[in-house]
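Asker: The sequence and its predicted three-dimensional model are supplied below.
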Amino acid sequence: MTKLIRCECGFIARDEREDRVVEMIRGHLASDHPALLPTISRDDLVSWIKIE
Ligand SMILES: [Zn+2]
């Protein structure tokens with residue numbers, strides 16, 4: 001089963017492991033949406049995860 005988080009800009013982080021999906025989307029936020037990063041907690045990111 002694949003877990004994924006879809007960013008509002010269209011970027012998709014996808015991995016089988018939840019912690020890696022969260023790391024991936026945090027890396028994306030840091031590089032593409034640095035202003036958003038401090039406003040989003042790890043729990044928020046986990047709540048965005050969808051199962052594919
Ligand atoms: Zn994005």
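Answerer: Done, it's in.
Asker: Scan this structure for its longest helix.
Answerer: The residue-count maximum for a helix in the chain (DSSP state H) belongs to helix 18-32.
Asker: Now tell me what touches it from outside.
Answerer: Contact with helix 18-32 is made by 3-5, 7, 9, 11, 13-15, 36-37, 40, 42, 45-46, 48-49, as judged by Cβ atoms under 8 Å, 6 or more residues apart in numbering. For every residue, glycine as well, the C-beta is placed using N, CA and C.
Asker: where does the protein come near the ion, residue by residue?
Answerer: Proximity of the chain to the ion, by Cβ under 5 Å from the ion, involves residues C7, C9, F11, D32.
Asker: Adding pLDDT, secondary structure and neighbour count, write those out as CSV.
Answerer: Below are the residues of the chain next to the ion laid out as CSV (pLDDT from 0 to 100; DSSP: H, G, I helix; E, B strand; the rest coil; neighbours: other Cβ atoms under 10 Å):
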residue, pLDDT, secondary structure, neighbour count
C7, 96, coil, 15
C9, 97, coil, 9
F11, 98, coil, 15
D32, 98, helix, 12
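Asker: Columns distance to R20 on top of these, output as CSV?
Answerer: Shown next, in CSV, are the residues of the chain next to the ion (distance: Cβ to Cβ, whole Å):
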residue, distance to R20
C7, 16
C9, 20
F11, 15
D32, 18
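Asker: Mind checking what helix or strand follows the longest helix of the chain in sequence?
Answerer: helix 42-47 (DSSP states H and E).
Asker: Just the C-alpha atoms of that following helix, please, in CSV.
Answerer: Listed next in CSV are the C-alpha coordinates belonging to helix 42-47 (Å, rounded to 0.1, in the frame of the first residue of the first chain):
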residue,chain,number,x,y,z
ARG,A,42,3.9,17.1,11.7
ASP,A,43,0.4,16.1,12.8
ASP,A,44,-1.1,18.3,10.1
LEU,A,45,1.1,16.5,7.5
VAL,A,46,0.1,13.1,8.8
SER,A,47,-3.6,14.2,8.5
